[in-house]
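Student: Predicted structure and sequence below. I'll ask about it afterward.
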Amino acid sequence: MSQRTAGWYPLLLAAASVGIANSVVFSLLSNLQDKYHFSDAGLGLIAGSGFAVGLVGQVLLAPYADRGHSKRLLIAGLGTAVLGSILFALAGSLLTLVLARMVVGLSNSLFMPASRAIAISISDDDIPKRLGTLSGVELAGFVTGPVVGGMLVGPFGLRTPFLVAGAFALAGALMLAPRTLPEPPMDEEHRLAFDLLKLPSIRAGVFMCVALFLPVGFYDATLDRYLTDLGGSDKLIGMSFLAYGIPFALLATTGGRLASQKGAMRVAVWGTLLVAPITMGYGFIHVPLIIVGVSAIEGSLQALAVPASQALVAAGAPIGRAAAAQGLAGASNLLVAAVTAYAAGGLYGAVGPEWMFLIAGTGVAGFVLMSISQYRLAVAQQHAVS
């Protein structure tokens, strides 16, 4: 392995630890609700608050990775993951749970745009493959978190899963701190990312990323509650996240390679259009084990489409704006996830899971169509210039 990529594997392990810290709460929401007696709307408040803070963080902080501070952002992200996990363990009310979720959500917005910019900057070859590997490892951590929560809450109580998640993040920081990592090309103008939305190629990539991320707010806020209402145990709920994440982790690198070979847009469109009907169907499945099986299918499709969507954003980004572009896509994802998570708790109680998941799947399809429209506009502009 070359000197330039010597920190690649510690970076991947650190990304997994951030994922664990961010997701461990999602298999514990019904336990927290039962203990602290807050309403279904509180489920969305906890889930959505992390997304909302992450949104602000990705817009304001991600561009600093384009100014020579990528390593500092990585370490700061791991540090806030540790702090947020400790706050979760000490929380005793809905308000303190929301605060803890906000701190943990900030960790993701500090870490992920910088890590993707570093992955892009390693070389011009196989960018989708590296992004796929990073996404796969990140999600592997993300789905491990609920498994940790589901396995530990019964024998050890509600505090222990959060402390274990914080320990993973601390270990990630200790591994990554001494490593040398490549710096992304620098943007000398110190801009935020909003001006990138003027580019139809960026809009196409952002809309595609949003299409794939849109269901996350619904899942994070209500899947634990839904499976619990269907009779699923804490361990089965944790396994549902794992069933989604294992295929993703195993296939994400392949998805990135496929995007390089067949074209990022083609792979992203087909993968995302298959995710939409699966999302619509969850509310009509009333057997928890079948939901777990369908989650595995969705994870496989997401593994093909997510690296392709991130590659679309990378391809549309001007030189020196890689982190800003990835942060913009991440912020857009989190904005939609925050809105859907805040709404999901109320929708679940008001219209039931059938209509809630139908709304989610329709949103996925809608953003795909917007992405296709912007991609065609970008191609037309390129032809006009040439």
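Tutor: Arrived safely, thanks for sending.

Student: Tell me the secondary structure at Gln326.
Tutor: Three-state assignment for Gln326 (DSSP: H, G, I helix; E, B strand; the rest coil): helix.

Student: Please report how far it lies from Ala193.
Tutor: 9 Å (CB to CB, to the nearest Å). C-beta coordinates here come from the backbone N, C-alpha and C atoms, glycine included.

Student: Show residues contacting stretch 363-380.
Tutor: Stretch 363-380 is contacted by residues 199-201, 203-205, 207-208, 210-212, 214-215, 265, 268-269, 272-273, 275-276, 279, 312, 316, 336, 340 when judged by CB atoms under 8 Å, 6 or more residues apart in numbering.

Student: packing partners for whichever helix or strand Gly293 is part of?
Tutor: Taking DSSP states H and E as the definition, Gly293 sits inside helix 288-316. The contact analysis (3 or more CB pairs under 8 Å, 6 or more residues apart in numbering; DSSP states H and E) places helix 288-316 against helix 94-121, helix 127-156, helix 200-229, helix 234-262, helix 264-281, helix 322-385.

Student: can we see that at 6 Å?
Tutor: helix 127-156, helix 200-229, helix 234-262, helix 264-281 (3 or more CB pairs under 6 Å, 6 or more residues apart in numbering; DSSP states H and E).

Student: can you pull the buried residues of it?
Tutor: Under the neighbour-count criterion of 16 or more other CB atoms under 10 Å, helix 288-316 has 288, 291-292, 294-296, 298-316 buried.

Student: Check stretch 374-382 too.
Tutor: In stretch 374-382, counting by 16+ other CB under 10 Å, buried: Gln374, Tyr375, Ala378.

Student: where does Ala6 land on pLDDT?
Tutor: Per-residue pLDDT puts Ala6 at 63.

Student: Now do the one helix or strand in the chain whose mean pLDDT sits lowest against helix 94-121, angle only.
Tutor: Every helix and strand of the chain was ranked by mean pLDDT, DSSP states H and E. The lowest is helix 40-61, at a mean of 79. On the basis of axes from the mean of the first three to the mean of the last three CA atoms, to 10 degrees, helix 40-61 is oriented at 40 degrees to helix 94-121.

Student: and after helix 40-61, which helix or strand comes next?
Tutor: Criterion used, DSSP H and E; the element after helix 40-61 is helix 70-90.

Student: Which phi and psi values does Asp125 adopt?
Tutor: phi -90, psi 140 (degrees, to the nearest 10).

Student: From the contact counts, what lies against the helix or strand hosting Ala167?
Tutor: Taking DSSP H and E as the definition, one finds Ala167 inside helix 159-176. Where contact means 3+ CB pairs under 6 Å, 6+ apart, helix 159-176 is packed against helix 8-23, helix 70-90, helix 127-156.

Student: Of all those, which one comes closest to Ser332?
Tutor: Nearest to Ser332 among the helices and strands packed on helix 159-176 is helix 127-156; the distance by CB to CB comes to 16.1 Å.

Student: List the buried residues in the closest one.
Tutor: In helix 127-156, counting by 16+ other CB under 10 Å, buried: 127-153.

Student: next one: stretch 258-270
Tutor: Leu258, Ala259, Ser260, Ala264, Met265, Val267, Ala268, Val269.

Student: and it, what's its mean pLDDT?
Tutor: Stretch 258-270 comes out at a mean pLDDT of 92.

Student: Please apply the same query to stretch 333-340.
Tutor: 82.

Student: What lies in contact with that stretch?
Tutor: Under the criterion CB atoms under 6 Å, 6 or more residues apart in numbering, residues Gly48, Phe51, Ala52, Gly54, Leu55, Cys209, Val210, Phe213, Leu214, Val216, Gly217, Phe218 lie in contact with stretch 333-340.

Student: related to what we said a few turns ago, show me which of Gln326 and Ala193 is the more surrounded one.
Tutor: Legend: neighbour count by other CB atoms under 10 Å for Gln326 and Ala193, higher for Gln326 (31 against 26).

Student: gap between that one and Lys235?
Tutor: For Gln326 relative to Lys235 (CB to CB), the value is 35 Å.

Student: what does Val339 give?
Tutor: 31 Å.

Student: go on, Leu176?
Tutor: For Leu176, the distance to Lys235 - CB to CB - is 31 Å.
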